[in-house]
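A.B. asks: just a sequence and a predicted model for now, questions to come.
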Amino acid sequence: MSGGIALVQGASRGLGLQFCKFLVQSSKCKQVIATCREPQSAAALQVLKQQHPHLLTIMKLDVSSQLAIQQCEQQVALSFGSLDLLINSSAMLHPSGRGEKSLREVSAEGLSLALSTNTIGPLLMAKHFAPLLLNGTGTFGAQSTDRSKQHSAILINMSAKVGSIADNGLGGWYSYRMSKAALNMATKNLSIELKRGSKKVICVSLHPGTVDTDLSRPYHKNVPKEKLFSPELSVTSLMNIIDGLSIDQTGKFFSWNGSEIPW
């Protein structure tokens, strides 16, 4: 059976779940691996598994645990041997559910937990899954006849426009902004390292827009209706970007509409 193998980290709800729904319908994908902390509690993901029992594999993974990441990688390596697309999707705004409005609300706990989920976890995913990505088949993204520009796989870090230092005109949201800015730096670093050899991995950060998910729900009243996207619209737009990626675009930060966001 032709097609690639995709792994979505943080697949129990929101964008991660919608990526899984899109990928199981994609002709480019022969297997989707969905990971989350508590698979048995992920009701919507379990329903998707029942609908696509041969296309979807669910694995337990706590992205804040390096041991859990290692164990998941070993399981994927044993079952599949390679990976063509890795999407780091899980994110935390703040333990309280709301971003800090001012310096007075900043805490070591909030910073630590946001960085653990939004930055450290995705980077450790890249570290442990890089060998599988380098062994990929290049199924996703734009195809090139130039061997020097062919890629093995694609690594996607779901970032956010508020992680752009150049775009920051409002301040606040210290934990979330800092964790996404740091994630963007990780993406840039990864794009350099994973491009050096004969096998290459495209690494990009993506901004999904303001999406109707649990993470953004406390702020929906401040978002114009036409700028609040459904997960379906956002993921369809993001997958269009992914399908068109080439090695020349590695290390960049794109918005849902394909425009490049300044770091």
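C.D. replies: Done, it's in. Residues are numbered from 1 along each chain as shown.

A.B. asks: parallel or antiparallel, list what pairs with the worst-scoring helix or strand of the chain on mean pLDDT.
C.D. replies: Of all helical and strand segments in the chain, the minimum by mean pLDDT, DSSP states H and E falls on strand 228-229, at a mean of 80. Neighbouring strands of strand 228-229 in its sheet, by DSSP bridges, are strand 210-211 (parallel).

A.B. asks: for the partner strand, the distance to its chain's centre please.
C.D. replies: Its chain's average C-alpha position is 15 Å from that of strand 210-211, according to Cα atoms, centre = their mean, to the nearest Å.

A.B. asks: quick one: mean pLDDT for it?
C.D. replies: In this model, strand 210-211 has a mean pLDDT of 85.

A.B. asks: surely I241 and Q249 touch.
C.D. replies: No - counting by Cβ atoms under 8 Å, Q249 is not a contact partner of I241; they are 9.1 Å apart. Every residue, glycine included, has its C-beta placed from N, CA and C.

A.B. asks: show me what counts as buried in stretch 111-122.
C.D. replies: For stretch 111-122, burial by neighbour count (16 or more other Cβ atoms under 10 Å) applies to L111, L113, A114, L115, S116, T117, N118, T119, I120, G121, P122.

A.B. asks: now, those that are in helices?
C.D. replies: Those of the buried residues of stretch 111-122 mapping onto helices are L111, L113, A114, L115, G121, P122, per DSSP state H.

A.B. asks: who is the residue most central in space within the chain paired with across the strands?
C.D. replies: Geometric centre of the chain, nearest residue: N88, 2.7 Å, by Cα atoms, centre = their mean. Beta-bridge pairing of N88 under DSSP bridges involves Q9, N157.

A.B. asks: residues contacting the nearest residue to T35 once chain neighbours are set aside?
C.D. replies: Leaving aside its chain neighbours, T35 sits nearest to L61 (3.7 Å; criterion: Cβ to Cβ, 6 or more residues apart in numbering). Counting by Cβ atoms under 8 Å, 6 or more residues apart in numbering, L61 touches Q9, T35, C36, R37, A68, I69, C72.

A.B. asks: cool, G138 as well?
C.D. replies: Per Cβ under 8 Å, 6+ apart, neighbours of G138: D84, Q150, H151, S152, A153.

A.B. asks: and those as TSV, adding pLDDT, secondary structure and distance to Q18?
C.D. replies: Output for the contacts of G138, formatted as TSV (pLDDT from 0 to 100; DSSP: H, G, I helix; E, B strand; the rest coil; distance: Cβ to Cβ, whole Å):
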residue	pLDDT	secondary structure	distance to Q18
D84	98	coil	19
Q150	96	coil	29
H151	97	coil	24
S152	97	coil	25
A153	98	strand	21
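
A.B. asks: and those, which two are furthest apart?
C.D. replies: D84 and Q150 (12.9 Å; Cβ to Cβ).

A.B. asks: understood, closing this out.
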